[in-house]
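Enquirer: Predicted model, plus sequence, below.
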Amino acid sequence: MHKRWLVSVSVILIGGAAAYCYRPRLVEWVRASLGDFEKHGANHKIQPDPKTYDVLTKELERWRKNLSVRYSIAKTFTDRAAVESDARAVLEQALPAMMHCWLGTPWDFNGTASGPGKGKVACGYFVATVLRDAGFKVDRYQLAKQPAENILRSFLPRESCELTVDQAFSAFASQLVLEEPGVYLVGLDTHIGFIIDDNENFRFIHSSGLRPWCVVEESVDQAVALQHSSWRILGNLTADSTVLKSWVTGKKIEVKGVQRAE
């Protein structure tokens, strides 16, 4: 059975003076919670980890509330930018950790699992559920049913979404590693998932309708669905100020494509 280390820490923020004190602890804790993921390349040997996921979800909400308090009392653009920077650091560590907890969860085209290992999950529901559980105030059912472009546009302005059609994968991959690091949403012809880009390489995390038919983390060379899609739309969630502000303040995310009652 695949084991992960679970380290519990208490993060106490006291006004603006503590703004950066917890960031190293956060990074250390999330990396510890990942345990030896990077030592196990075979996705089929990794089991879903709902216990770690529950802890990450609760801790992340605690951090979000702490940042929300700081943001509410921030008086200057510089103060607000500092909170957004910390929010980005939090999300860029915690979101991949949450995704890792889903690895091995079975895929199904109609899967609506509410958490890792709690049934089967379609690609849209995997994305929508991770984002909801990370603290984004969004209706996962509405979001998951939308085409990829609407999912991205629910979070990001149009100018922050890059669409390419019939671009060779080698060109796409080469360009991506030059882009700003972060947690990306990527939509394909009939699919959606996350890309984690650290400016050296990237990994594609998604609920795969291809072998091994489960949530997987794939390297550039392994990402068959990403390679063979002729249509790709990409947006960096954690680099966008509007996204960070929405997360910190708990603003409701309006899902694009949903008919609103008059």
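Expert: Thanks, I have it.
Enquirer: Now the helix or strand residue 154 falls within: average pLDDT?
Expert: Assignment of secondary structure by DSSP states H and E places residue 154 within helix 148-155. Looking at helix 148-155 alone, the average pLDDT works out to 97.
Enquirer: Show me what the helix or strand following that helix is packed up against.
Expert: Of the helices and strands lying after helix 148-155 in sequence (DSSP H and E), the nearest is strand 161-165. If you count contacts as 3 or more C-beta pairs under 8 Å, 6 or more residues apart in numbering; DSSP states H and E, strand 161-165 packs onto helix 148-155, strand 231-236. Using the backbone N, CA and C atoms, a C-beta is placed for each residue, glycine as well.
Enquirer: Mind putting these into TSV with mean neighbour count and distance to residue 169?
Expert: Rendered in TSV, the data for those read as follows (neighbours: other C-beta atoms under 10 Å; distance: least, C-beta to C-beta, whole Å):
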stretch	mean neighbour count	distance to residue 169
helix 148-155	22	17
strand 231-236	21	9
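Enquirer: Now the ones you listed in CSV, please, with extra columns for distance to residue 114.
Expert: Rendered in CSV, the data for the helices and strands packed on strand 161-165 read as follows (distance: least, C-beta to C-beta, whole Å):
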stretch, distance to residue 114
helix 148-155, 18
strand 231-236, 25
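Enquirer: ok, and for stretch 160-173, which residues are buried?
Expert: Neighbour-count burial for stretch 160-173, counted by 16 or more other C-beta atoms under 10 Å, picks out 160-162, 172-173.
Enquirer: just those residues now: which is nearest residue 49?
Expert: For the buried residues of stretch 160-173, the closest approach to residue 49 (C-beta to C-beta) belongs to residue 173, at 29.1 Å.
Enquirer: three-state assignment of the closest one?
Expert: Classification of residue 173 using DSSP: H, G, I helix; E, B strand; the rest coil returns helix.
Enquirer: For it, which non-adjacent residue is closest in space?
Expert: What sits nearest to residue 173 in space, not counting adjacent residues and going by C-beta to C-beta, 6 or more residues apart in numbering, is residue 220, at 5.5 Å.
Enquirer: still on that earlier bit, what packs against the helix holding residue 154?
Expert: Applying 3+ C-beta pairs under 8 Å, 6+ apart, one finds that helix 148-155 contacts helix 123-133, strand 161-165, strand 182-187, strand 231-236.
Enquirer: Report the strands that pair with the last one, each with its relative direction.
Expert: In the sheet containing strand 231-236, the strands it pairs with under DSSP bridges are strand 161-165 (antiparallel), strand 182-187 (antiparallel).
Enquirer: would you say the residue nearest to residue 173 is within a helix?
Expert: No. Residue assignment for residue 220, taken from three-state DSSP, gives coil, which places it outside any helix.
Enquirer: what about it, how many residues close to it?
Expert: In terms of burial, residue 220 registers 16 neighbours under the definition other C-beta atoms under 10 Å.
Enquirer: Ok, residue 196 next?
Expert: Residue 196 has 20 neighbours, counted by other C-beta under 10 Å.
Enquirer: quick one: contacts for it?
Expert: Shown in contact with residue 196 (C-beta atoms under 8 Å, 6 or more residues apart in numbering): 96, 99, 183-184, 202-203, 205.
Enquirer: rerun that using 6 Å as the cut-off
Expert: Contact criterion C-beta atoms under 6 Å, 6 or more residues apart in numbering gives 96, 203 as the residues in contact with residue 196.
Enquirer: Provide a list of residues in contact with residue 109.
Expert: residue 122.
Enquirer: for residue 130, same thing?
Expert: For residue 130, the set of contacting residues under the criterion of C-beta under 6 Å, 6+ apart consists of 98-99.
Enquirer: So for residue 192, which of the helices and strands packed on strand 161-165 sits nearest?
Expert: Proximity to residue 192, assessed across the helices and strands packed on strand 161-165 by C-beta to C-beta, is greatest for helix 148-155 (4.4 Å).
Enquirer: and the direction of that closest one versus that of strand 161-165, what angle?
Expert: For the pair helix 148-155 and strand 161-165, the angle between their directions (axes from the mean of the first three to the mean of the last three C-alpha atoms, to 10 degrees) equals 170 degrees.
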